[in-house]
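Colleague: sequence first, then the predicted structure:
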Amino acid sequence: MNAKKIILSLLMAAFIVCLVVPALDAAGQKPQAKSKKPQSEERIFIPKEIKAALQEGMLTKQGRQDIPVTVFYNLFLPAQENLHAIFFLKIKNSGLGFSPVGSALAPETDNISGPALQEAVAQQPALFQASFNVFLQFNIMEKGEPKSFREVYVPSSAQIKGDTFDPEKEETYTVGYPLPPGQYLLALAVTSLDLQKIGTAYYEFTLPDMSMAKELDTTPVFFVKQLDKMEAPETGTMLHQGYCTYSILKVVPNLEKMFAVGENLDIFYFIFGAQPNQEQRFDIEVNYEVKKGEQTAIRWTPQMYNSPLVSQPLPLKQTVQIKTGEDVRTEQRDLEPGNYTLIIKIDDKVSGKSVTKTVDFEVK
């Protein structure tokens, strides 16, 4: 089995698991069955002083920055009758109280001691570690006003190697949570363990009700730097440093949409509205094309899928014709640096519906 088939099989397994395994809240309790219309939660997971800080900036969406934090992007993917919303944060290192905790020794140093171990320690940079709290307050928007819907407490920690640690740098973190469709305002707080330092941020987002869609549509199409399989799906809400998770998948996204010459475009998305045939199999054709302005740079062979969950590597190779006198030959060349648009034309062979999506990217 080639690498592509392995990845697609893994994704199908992950998709099945994500529909079967219920998510757990921060207290390790199974949430109650969720209706399509959000209902208020009675549990309280946010201390009153933190809730007051969140309420303070709710109307103006101006956060406190004792700990500099921003929410800058979100994705969503299907999960049971809900959507698995993933939020991307930037938190400044200097606000989290990082401190050195020893040396980042490689596993092979476990069997050495004495002077050899001391030398290895001297050669390896220290790890910097921080422990902190993250609080999520999801507010459903009703007539333009935020109404508290759900609270989540996320005990958090982070580690950075000493040779790359920069107190002024903003590291990227992600946190995911299943939510029903709706319009939301996320109020987020990052605090020290003693709650004395508080950073708050606000982020408006919409999760569409795809069950009501009459046409084909997709989740946000995003590029993937790395995709790995975890042993089991996570059973609680966790903060991740530099990657996100989806069921049994650990994903490092390429949100910058920048690629080096010779790299692949690895895309990830889910197709809503496609219909299975009588054998309960999907029959979806997708045509991928790269354009630079109005000119086609690459057009790949149409891809067929029997699942609405898609992970597709697309090599950035152009087929170029070279004429030497009367001789004509073709050659594969890497796509040159520049700004491009990926065009994704999706056709559901069962329903006859189609949709086209575009994503801009850059080759450097």
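Modeller: Right, received. Where do you want to start?
Colleague: got the contact list for residue 232?
Modeller: Shown in contact with residue 232 (Cβ atoms under 8 Å, 6 or more residues apart in numbering): residue 248. Just so you know, the C-beta spots here come from the backbone N, C-alpha and C atoms, and that holds for glycine as well.
Colleague: before we move on, what SS does residue 54 have?
Modeller: helix (DSSP: H, G, I helix; E, B strand; the rest coil).
Colleague: per-residue pLDDT, the closest residue in space to it that isn't next to it in sequence?
Modeller: Excluding the flanking residues, the one nearest residue 54 by Cβ to Cβ, 6 or more residues apart in numbering is residue 187, at 4.3 Å. The per-residue pLDDT reported for residue 187 equals 98.
Colleague: contact partners for residue 187?
Modeller: By Cβ under 8 Å, 6+ apart, residue 187 lies in contact with 54, 58, 136-137, 139, 146, 200-202.
Colleague: for it, give me phi and psi.
Modeller: Per-residue torsions, residue 187: phi -110, psi 120 (degrees, to the nearest 10).
Colleague: between the contacts of residue 187, which is nearest residue 257?
Modeller: The closest of the contacts of residue 187 to residue 257 turns out to be residue 201 (Cβ to Cβ; 23.2 Å).
Colleague: any idea which helix or strand carries that closest one?
Modeller: strand 198-207 (DSSP states H and E).
Colleague: return the set of buried residues in that strand.
Modeller: 198-203, 205, 207 (16 or more other Cβ atoms under 10 Å).
Colleague: as CSV, these with distance to residue 165 would be great.
Modeller: Shown next, in CSV, are the buried residues of strand 198-207 (distance: Cβ to Cβ, whole Å):
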residue, distance to residue 165
198, 23
199, 19
200, 25
201, 23
202, 29
203, 27
205, 31
207, 36
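Colleague: quick one: which of those residues is nearest to residue 318?
Modeller: Nearest to residue 318 out of the buried residues of strand 198-207 is residue 205 (Cβ to Cβ; 37.3 Å).
Colleague: wait, doesn't that closest one sit right on residue 186?
Modeller: Yes - with contact defined as Cβ atoms under 8 Å, residue 205 reaches residue 186; the gap is 6.7 Å.
Colleague: ok, so of the contacts of residue 187, who is nearest residue 312?
Modeller: For these, the nearest to residue 312 is residue 136 (32.0 Å; Cβ to Cβ).
Colleague: count of neighbours near that closest one?
Modeller: By the measure other Cβ atoms under 10 Å, the count of residues near residue 136 is 22.
Colleague: ok, the one 5 residues further on next?
Modeller: Residues lying near residue 141 (other Cβ under 10 Å) number 16.
Colleague: partners of the host helix or strand of it in the sheet?
Modeller: Taking DSSP H and E as the criterion, residue 141 maps to strand 126-142. Paired with strand 126-142 in the same sheet, following DSSP bridges, are strand 99-103 (antiparallel), strand 145-161 (antiparallel), strand 182-191 (antiparallel).
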